[in-house]
Structure formats: structure tokens, C-alpha cells
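Asks: Dropping a prediction and its sequence here:
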Amino acid sequence: DMDIYNQTAITEFILIGLSDLPEVRYPLFVVFVAIYQVTLVGNGAILLAIGTEQKLHTPMYYFLANLSLLDIFCPSATVPKMLKNLLTKNQSISFVGCALQLFFLVALAGTEVFLLAVMAYDRYVAICFPLRYTLIMTKGHCVKLTAGTWASGFLNSLLHTVFTFRLSFCKSNQVNQYYCDIPPVVALSCSSTYVAEMLVSVLGGVLGISTFLITGISYIYIISTILKIRSAEGRRKAFSTCASHLLVVCLFYGTTIFTYIRPSSSHHSSARGRLISMLYGVITPMLNPLIYSLRNTEVKGALRKVLCHKIC
């Protein structure tokens, strides 16, 4: 039996996520190129504004710059390959390519979850302990927190990637998604997937719930502190510094829950479900810079300065 297994070892996967929607291939290509360009330009502009404007060299914007970096890298893990597949009709991805794509996707998404929790903690310190803020959120402390979020995201992903690709694949090589992700790849295994699935549930559960709690509890404290502020102007000012982050958090958790925590039968089977999860994965990174720059006068001012400087 082992000989049969070895002979049919899989060297490549076929991403069939979009193959059942052939008539919309070109419109989808145009839509994704546009979204991807807006994402790169929007997040690039925020990085440029934060880098060049001295006034924005504060912890809040330092974390925002990291969020913009993640929002450039995350779609870059899946979109270019997907655009190529849409144009060429060649749906294959090599075994190593699939492993790398899954590794970076899970690493960057995980880092973003941790970063959003750190950003919530930063707003909590700023609003609940304004006088001690500069003592608590020192440059060194911010760098440590950021390094921690990236390291945790990548270590967590390394574990998942190793356990996913240690499985034996001999059934089918057709990944029922438009990129390599843990559930559709694990579904192709013909060995026991118990450890890989447990790892997703336990690690995902523990890390996901703890970051969600840090974010949620920070906001409960933030909102109760804001409500105690006497002046309406003071309340408005305090809330406006968190509103963008709160919007981004809701958007991120909403899309993640929709993409992963649906019943598995409806999850990958319908083309519509896949299309929606795909749009989510691509649209969220595009919206983040818009949310931050529209709601934030300082970012707006810095962007205007950068643009005017370039044009004038």
C-alpha cells in the first residue's frame, strides 16, 4: 500500500476556487486589480504621511504604520497569484508555493489580530491614564509590543503550516478555494487530520479569544471613562481618537467570523460563499486606510502636506 501512496505523492495543487465562475473571470480580474491598487496606494500614502510628518511620530501612529504594512503584505500573499489564475486559466500552484502562501497568509492575519489588541491597549492607556501615557508607552515599550505581535503571528503560523503539510495527500489535489488556506488543504489529506484540526481549534481559540477579550475589555474601560468626561467637547475629542480603531476592529472580526465560523457544509461548497470570503479578504485592507484618513484630521493634514509638497 505504501508504494501506491509514494507513487501518487502530490507535487502541486489546483486552486479551483474560481473555476465554477468562468463567465465572470474578466470582470473579477478588473475588480481585483482596482481594489489591490487602491489598497497599495492608500496604505502606502499612510506610511508616507506617518514617516514624513514629525507630529505623527507617536505610539498610536507607529502602530497604525504597522497596520498599513500588514494591509499591504496580506493581500499580496494571495491576490497576485489569483490575478494570474484568472487571466491564464491555469489554476495550479506548486506544493512549496501552496505551503508558503498558507504560511504568510496565516502569519500576517495572525499578526493583525495581535496588533489590533495592542492598538486597543494603547487607546486604553491614552484615555484612562492620560497623565501617565508618555511614561507607559515609551518608544522601547512600543517596539517590544510590535516585535511581540509580529513574532507571535509568525510562530503561530509556523506551527500550523508544519502540521498541515506533514499530512499525507493522496486523494485529490483540488483545493476548494482560490488560495491555500488551512481548512481546504487539510480537507484533502488521506491521513489522520486530528492533530492539525485540534491545533487550529485550540490555538485559534485560545489566541483568538484572548486577543478579542483584551480588545473588548479595553473598549469597555475606554467607553466608561469617556462617558464620565464632563464636557461634550471633551467626550467628542476622546471618542474621535478611538472611533477609527473601533471601526477597523469590528470590520476585521466581522469578516473573520463570517469567513471561518460558518457551518462547514455551506462554507466552501457554494461559489457565492467563496466569492464573499474573497471580497472580504481583499476589501478589508483597502478600507482600513480610508477609515483612518477620513476620520482623522492629523492624518488628513499630513497627507495634504505630502501631496502638496510632491505637486507644488
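Replies: That came through, no problem. Residues are numbered from 1 along each chain as shown.

Asks: Give me the below-cutoff pLDDT ranges for the stretch 1-150 of the chain.
Replies: For the stretch 1-150 of the chain, applying pLDDT under 70 flags the ranges 1-8, 18-21.

Asks: Let me see the ranges of the helices in it.
Replies: For the stretch 1-150 of the chain, the helices defined by DSSP state H, counting those that start in this stretch occupy 2-7, 25-52, 59-88, 95-128, 133-136, 139-165.

Asks: wait, which of those helices is closest to residue 294?
Replies: Nearest to residue 294 among those is helix 25-52 (10.7 Å), distances taken as CB to CB. All C-beta spots, glycine's among them, are computed from the backbone N, C-alpha and C.

Asks: For stretch 200-210, which residues meet the burial criterion?
Replies: Neighbour-count burial for stretch 200-210 flags 200, 204, 207, 208 (criterion: 16 or more other CB atoms under 10 Å).

Asks: How far away from the center of its chain is the host helix or strand of the first one?
Replies: So the one you mean is residue 200. In this structure, residue 200 sits in helix 194-228 according to DSSP states H and E. Chain-centre distance of helix 194-228: 15 Å, with CA atoms, centre = their mean, to the nearest Å.

Asks: Now do that helix against helix 139-165, angle only.
Replies: 150 degrees (axes from the mean of the first three to the mean of the last three CA atoms, to 10 degrees).

Asks: just to revisit the earlier point, and the helices of the stretch 1-150 of the chain: which comes nearest residue 228?
Replies: Between the helices of the stretch 1-150 of the chain, helix 95-128 lies closest to residue 228; by CB to CB that is 10.2 Å.

Asks: and that closest one, what does it pack onto?
Replies: strand 12-15, helix 59-88, helix 133-136, helix 139-165, helix 182-186, helix 194-228, helix 232-260 (3 or more CB pairs under 8 Å, 6 or more residues apart in numbering; DSSP states H and E).

Asks: I'd like the buried residues of stretch 200-210 as CSV, with pLDDT and distance to residue 237 appended.
Replies: Below are these laid out as CSV (pLDDT from 0 to 100; distance: CB to CB, whole Å):
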residue, pLDDT, distance to residue 237
200, 82, 42
204, 81, 37
207, 87, 34
208, 84, 32
